[in-house]
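**Student:** only geometry, no sequence info:
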């Protein structure tokens, strides 16, 4: 679900509140692929900054990524027994990245992530988000992540 520009203010106003705990048994992973290679990041914090600036929580190793390319914010579903992350292009002060973000091939300003959403940050810099339930075996996604990332067409290549 894409969010309108007003979603930035909604998220920003809630940052001073206590962390929204993710529900027991849930695991949230981000598999990053950039010039450094492929790495798995377990998400358990309320807010993550993503970009090439070494001060970012998740550093992207790409000259095509903005210093502060995107922000992940942890949210909780009202009435549902689950939490999720929203990705926002740029920072929470509404300063977008230079090249934007693409989720599942569509350019977005903000997007509520769902299991296996694919995020493109720029040339050869991408990620896959996993929202795993208690029954899921985190280690068993190794082969899946290689297949999903490697099988993606490179939208950055010139035709």
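**Tutor:** Thanks, I have it. Everything numeric in this text was worked out from a predicted model, so none of it was measured. Numbers count the residues shown, from 1 in each chain.
**Student:** show me the shaky parts of this protein.
**Tutor:** When residues are selected by pLDDT under 70, those of the chain lie in 1-24, 77-81, 134-159.
**Student:** residue 59: what's it in contact with?
**Tutor:** By Cβ atoms under 8 Å, 6 or more residues apart in numbering, the residues touching residue 59 are 51-53. In this view, the C-beta of every residue, glycine as well, is placed from N, C-alpha and C.
**Student:** to clarify, my last question referred to residue 50.
**Tutor:** 56-58, 60, 68-72, 121.
**Student:** go through the helix or strand that contains it and flag the buried ones.
**Tutor:** Using DSSP states H and E, residue 50 sits within strand 47-51. Within strand 47-51, the residues that count as buried by 16 or more other Cβ atoms under 10 Å are 48-51.
**Student:** tell me which of those is nearest to residue 108?
**Tutor:** Comparing the buried residues of strand 47-51 against residue 108 with Cβ to Cβ places residue 50 closest, at 14.1 Å.
**Student:** coming back round to it: for the contacts of residue 50, work out which two are farthest apart.
**Tutor:** Across the contacts of residue 50 (Cβ to Cβ), the longest gap, 14.3 Å, separates 57 and 121.
**Student:** settle it for me: which of these two has more neighbours?
**Tutor:** Using other Cβ atoms under 10 Å, the more surrounded residue of residue 57 and residue 121 is residue 121, with 27 against 14.
**Student:** quick one: the strands in this protein?
**Tutor:** For the chain, the strands defined by DSSP state E cover 27-34, 37-43, 47-51, 58-59, 70-76, 83-89, 101-103, 106-108, 110-112, 117-122, 125-132.
**Student:** strand partners (parallel or antiparallel) of the second one?
**Tutor:** On the basis of DSSP bridges, the sheet neighbours of strand 37-43 come out as strand 27-34 (antiparallel).
**Student:** ditto for the last one
**Tutor:** Listed by DSSP bridges, the sheet partners of strand 125-132 and their directions read strand 27-34 (antiparallel), strand 117-122 (antiparallel).
**Student:** and the contacts of it?
**Tutor:** 26-35, 60-62, 64-65, 82, 84-85, 87, 113-121, 138, 141, 145, 148-149, 152.
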